[in-house]
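*Asks:* Fold the following.
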Amino acid sequence: VQLQASGGGWVQPGGSLRLSCAASGRTSSSYTMGWFRQAPGKEREFIGAVGWSGGSTLYLNSVKGRFIISRDDAKNTVYLQMNSLKPEDTAVYYCAAREGITVTKNEYAYWGQGTLVTVSS
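*Replies:* Here you go, the predicted model:
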């Protein structure tokens, strides 16, 4: 499975961005798709994940109500809609995939290259 994240950029605090992650290769709607981020000088952290057909989601507490993860299996694409962005959301954002329908922050075997999101005034 190959993953290609896109959509990063600069945005002012309070603004919105939508990231996309296109999957190719041996894709499957039964894969769980996740988003992670890594801020400068910090460890990578799990943001959220979406399960089979978008029926189940899991989010980091600090992004609940602001970020929405969705997927379009017909397009082999997963999205991260980010609203009410804060400077502390500045990071490189990665999409990832894991085999299986369990929605979890663990055991992701496939990773995209990352896209930078900068939130500042």
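*Asks:* What's the mean pLDDT across stretch 31-47?
*Replies:* On average, the pLDDT along stretch 31-47 is 95.
*Asks:* In it, which residues are buried?
*Replies:* In terms of neighbour count (16 or more other Cβ atoms under 10 Å), stretch 31-47 has its buried residues at 31-37, 46-47. C-beta: built from backbone N, CA, C; applies to glycine.
*Asks:* Now do it: distance to the chain's middle.
*Replies:* Relative to the centre of its chain, stretch 31-47 is centred 8 Å away, using Cα atoms, centre = their mean, to the nearest Å.
*Asks:* Please flag which of the buried residues of stretch 31-47 sit within strands.
*Replies:* Members of these lying in strands (criterion: DSSP state E): 32-37, 46-47.
*Asks:* Can I get those in JSON lines including distance to residue 2?
*Replies:* Shown next, in JSON lines, are those (distance: Cβ to Cβ, whole Å):
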{"residue": "32", "distance to residue 2": "17"}
{"residue": "33", "distance to residue 2": "13"}
{"residue": "34", "distance to residue 2": "16"}
{"residue": "35", "distance to residue 2": "17"}
{"residue": "36", "distance to residue 2": "17"}
{"residue": "37", "distance to residue 2": "20"}
{"residue": "46", "distance to residue 2": "21"}
{"residue": "47", "distance to residue 2": "21"}
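*Asks:* Tell me which two in the residues you listed are the farthest apart.
*Replies:* 32 and 37 (17.3 Å; Cβ to Cβ).
*Asks:* gap between the spatially closest residue to residue 42 that is not a sequence neighbour and residue 115?
*Replies:* Counting by Cβ to Cβ, 6 or more residues apart in numbering, residue 42 lies nearest to residue 91, which is 7.9 Å off, once chain neighbours are set aside. From residue 91 across to residue 115, the span is 10 Å (Cβ to Cβ, to the nearest Å).
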